[in-house]
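**Student:** Dropping the sequence and predicted coords here.
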2 protein chains.
Amino acid sequence: MLERFKVPEKDRVYVDADEMRSATEAIFLAMGLSDEDAVLSADVLMTNDLRGVETHGVSNTLRGYVGRYRDGGMNPTPEITIERESDSTAVLDGGGGLGLHVAPRAMDMAVEKARKFGMGAVCVHNVGHMGGSGYHAMRASNQDMIGVAMTTSGSLSTVPTFGGEPKFGTNPIAYAVPAGEMPNFVFDVGTSQIAGNKVRLLERIGAGIMPGWLAEPDGTPIMEEGPLPDSHHMLPIGGTREQGSHKGYGFTAVIDILASTLTGIGPGFLALTPGFHLTAYNIDSFTDLAKFKSDMDDFLTALVETPPAPPHERVVYAGLLEAEETEKRTAEGIPYHREVIGWFRTIEVELGLDFSFT
Amino acid sequence: MLERFKVPEKDRVYVDADEMRSATEAIFLAMGLSDEDAVLSADVLMTNDLRGVETHGVSNTLRGYVGRYRDGGMNPTPEITIERESDSTAVLDGGGGLGLHVAPRAMDMAVEKARKFGMGAVCVHNVGHMGGSGYHAMRASNQDMIGVAMTTSGSLSTVPTFGGEPKFGTNPIAYAVPAGEMPNFVFDVGTSQIAGNKVRLLERIGAGIMPGWLAEPDGTPIMEEGPLPDSHHMLPIGGTREQGSHKGYGFTAVIDILASTLTGIGPGFLALTPGFHLTAYNIDSFTDLAKFKSDMDDFLTALVETPPAPPHERVVYAGLLEAEETEKRTAEGIPYHREVIGWFRTIEVELGLDFSFT
């Protein structure tokens, strides 16, 4: 993440990861989830927080989930059913449950299919937010497969290139690939120029936008650095046509097709509810797994050893900083904004829970 | 394509598509290809030229292919063998043949697997250039499947974000998705900020570069508009970190992994020879095909009907302009640079052929 997205030093409260995990599990249990689903849901958020992906950790998402459970918009005990299935594919009805714990089941099904048939692709609809696509792709890479996770957002924020009206969510995609000695490759991005939750982060920490990050309400890219405008749309990756936004627009459209239309619920902007597409590749069906992982080590090592362009100090790859951050945050605790801890203290009282933040 | 990539009016020679197709087939036959492979190879290049994808038509590529056949670097009669196979996956040895005619065989195999098992993914190594990934993805969409084609480039041009040394080719990817009444969605891009062949186009037509398109030899993004520098590297989609180049870098790395490392030949920058990854999704294994195509029509129609941001006149989607161009060029002929026609006249004499350009 760019520096401007980080919680300012003065607002940081460090919390031990295990303590925050217990608090988060307790909240999910209080919402009516089964033990297993509460553990799984908290694991998604805590994995994100440990990796420094705070856009998809407890800060930005948990109070929204609680709101959805409270107003009956999310089913805490969903029944997941298979709508259509072939050897290597399936479409699931998620039973109106939160994606945090439904998506891992779908990915496990994809992994199982890949183990038997070489590949597996499982789509899900009637499901809530997956809480960041990276975790779900990593569920496959943790089982020595290549994992891909895509989701539509269920909301409209991003304009097509040259468009003056949003037709997409931020439509994220993640690829996770196992390596041997090096930290795994985990590429996890929104296909909008900046992620939706990053806009909320900017709001909370009072930082401004860079040129080409957002568009005016009429779709014109904002090309001046400045404060976050109240009214705006998101742009596809690249920002402007000259900087490649037609490529970002294309990737956004692809995710919309594979995660929404292919799922049977129509295009994302008509469905207005999330759809998932989860894929697993059984590496051993293509090449020798041990050789592949050793090749990945060569690949990632060479990237890290690329001489940096001035004035940069190092070249990294997707997943490396997150692996370093996980180590650091496991040892030192996770820096949350004090406003977030304030919310935990409120919900603790409201739900009659007891969080042991030290 | 941006206006600056088009052949200037004064340098255009219009040639009938069928006449150029015959000339191209004759050249491939003279290189020793079978009738079927010559027809297939010419079809790739002519489809690109008709769609206005002149970066991958006869102009930029054919003389290079002829050179490779003449110096023995490409096998005109390759034997394609299966190295590893599962129900939904395979890895092929392309026998040292040109990707133009080897990739369609691999995609047909992926389509066949998808028809039986829901999905198919086929990798190829020991193979030459595929001549643009769009054609090969379209081979699946023309059979009512979703097609994906990726390839590594076999050469080094693109730096990682913050890197001062190229570690990737332009690593293109294409997705083709069938619609009903609307022209199919065909998204076909390099994951570098501009395609490698576009740089050669800029050279030929004498146009300059935009800020953020290329990097200095030390990896620093060139942020001034100006003439094409002699010495430069390519940047990933986004150009600079602030404009999202880490996302372009990630997609480039993913293609490298799926098309090169997964193929068993190691990372692209070590293999230094192209690798392919071709995927087909059997739509009917996920949802009703007729409904899907009708949903695609709704999707694409809504994109086209998005109110444009000022001062733009229309919003398009990937594949629409190319479908319009195909109609126009089929009727009016294809505009080639006169220098390209000069090359055809030379090779015609050298090979003792007879081209009927009118």
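**Tutor:** Ah, there it is.

**Student:** Pick out the residue of the stretch 101-250 of chain A closest to chain B.
**Tutor:** A:Gly219 (2.8 Å; CB to the nearest CB). C-beta here means a position set from N, CA and C on the backbone, and glycine is covered the same way.

**Student:** pLDDT score for the residue nearest to that residue when sequence neighbours are not counted?
**Tutor:** Spatial nearest neighbour of A:Gly219, chain neighbours left out: B:Ala309 (2.8 Å); criterion: CB to CB, 6 or more residues apart in numbering or on different chains. On the pLDDT scale, B:Ala309 is placed at 97.

**Student:** show me what contacts B:Ala309?
**Tutor:** The contact partners of B:Ala309, taken as CB atoms under 8 Å, 6 or more residues apart in numbering or on different chains, are A:Val159, A:Phe162, A:Gly163, A:Gly164, A:Ala215, A:Glu216, A:Asp218, A:Gly219, A:Thr220.

**Student:** run the last query once more with 7 Å
**Tutor:** Neighbouring residues of B:Ala309 by CB atoms under 7 Å, 6 or more residues apart in numbering or on different chains: A:Phe162, A:Gly163, A:Gly164, A:Asp218, A:Gly219, A:Thr220.

**Student:** From A:Leu278, how far out is it?
**Tutor:** Note on B:Ala309: its distance to A:Leu278, by CB to CB, to the nearest Å, is 34 Å.

**Student:** cool, and A:Gly333?
**Tutor:** Using CB to CB, one gets 32 Å for the distance from A:Gly333 to A:Leu278.

**Student:** out of the two, which sits in the busier spot?
**Tutor:** Neighbours per residue (other CB atoms under 10 Å in any protein chain shown) separate A:Gly333 from A:Leu278, with A:Leu278 holding more: 33 against 19.

**Student:** how about the nearest residue to that one, chain neighbours excluded?
**Tutor:** Spatial nearest neighbour of A:Leu278, chain neighbours left out: A:Met107 (4.6 Å); criterion: CB to CB, 6+ apart.

**Student:** could you say which helix or strand contains the one you found?
**Tutor:** helix A:99-117 (DSSP states H and E).

**Student:** quick check: mean pLDDT across that helix?
**Tutor:** For helix A:99-117, mean pLDDT rounds to 98.

**Student:** got the buried residues for that helix?
**Tutor:** For helix A:99-117, the buried set under the neighbour-count rule, 16 or more other CB atoms under 10 Å in any protein chain shown, comprises A:99-111, A:113-117.

**Student:** Then stretch A:127-145?
**Tutor:** A:127-141, A:143, A:145.

**Student:** Which of these fall in helices?
**Tutor:** Judged by DSSP state H, the subset of the buried residues of stretch A:127-145 located in helices is A:Ser133, A:Gly134, A:Tyr135, A:His136, A:Ala137, A:Met138, A:Arg139, A:Ala140, A:Ser141.

**Student:** Please tabulate those residues in TSV and include distance to B:Glu324 as additional columns.
**Tutor:** Shown next, in TSV, are those (distance: CB to CB, whole Å):
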residue	distance to B:Glu324
A:Ser133	34
A:Gly134	39
A:Tyr135	42
A:His136	39
A:Ala137	37
A:Met138	42
A:Arg139	43
A:Ala140	40
A:Ser141	42
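
**Student:** Report the contact partners of the residue nearest the centre of chain A.
**Tutor:** Centroid check for chain A by CA atoms, centre = their mean gives A:Gly132 as the closest residue, at 1.5 Å. Contacts here follow CB under 7 Å, 6+ apart; on that basis A:Gly132 touches A:Asn48, A:Val53, A:His56, A:Asp188.

**Student:** what does A:Gly169 give?
**Tutor:** A:Gly169 sits in contact with A:Thr152, A:Ser153, A:Gly154, A:Ser155, A:Leu156, A:Ser157, A:Thr158, A:Gly268, where contact means CB under 7 Å, 6+ apart.

**Student:** Got the phi and psi for it?
**Tutor:** With angles defined as degrees, to the nearest 10, A:Gly169 shows backbone torsions of phi -80, psi -160.

**Student:** A:Arg68 too?
**Tutor:** Torsion angles, degrees, to the nearest 10, at A:Arg68: phi -70, psi -40.

**Student:** quick one: pLDDT of it?
**Tutor:** Confidence score, pLDDT, at A:Arg68: 95.

**Student:** Tell me the spacing between A:Arg329 and A:Asp49.
**Tutor:** 7 Å.

**Student:** With neighbour numbers in mind, choose between those two.
**Tutor:** The residue with more neighbours, out of A:Arg329 and A:Asp49, is A:Asp49; 25 against 20, by other CB under 10 Å.

**Student:** what packs against the one helix or strand the more buried one maps to?
**Tutor:** Remark: A:Asp49 resides in helix A:35-51, with elements defined by DSSP H and E. Judged by 3 or more CB pairs under 7 Å, 6 or more residues apart in numbering or on different chains; DSSP states H and E, the packing partners of helix A:35-51 are helix A:17-30, helix A:58-70, helix A:99-117, helix A:133-141, helix A:320-332.
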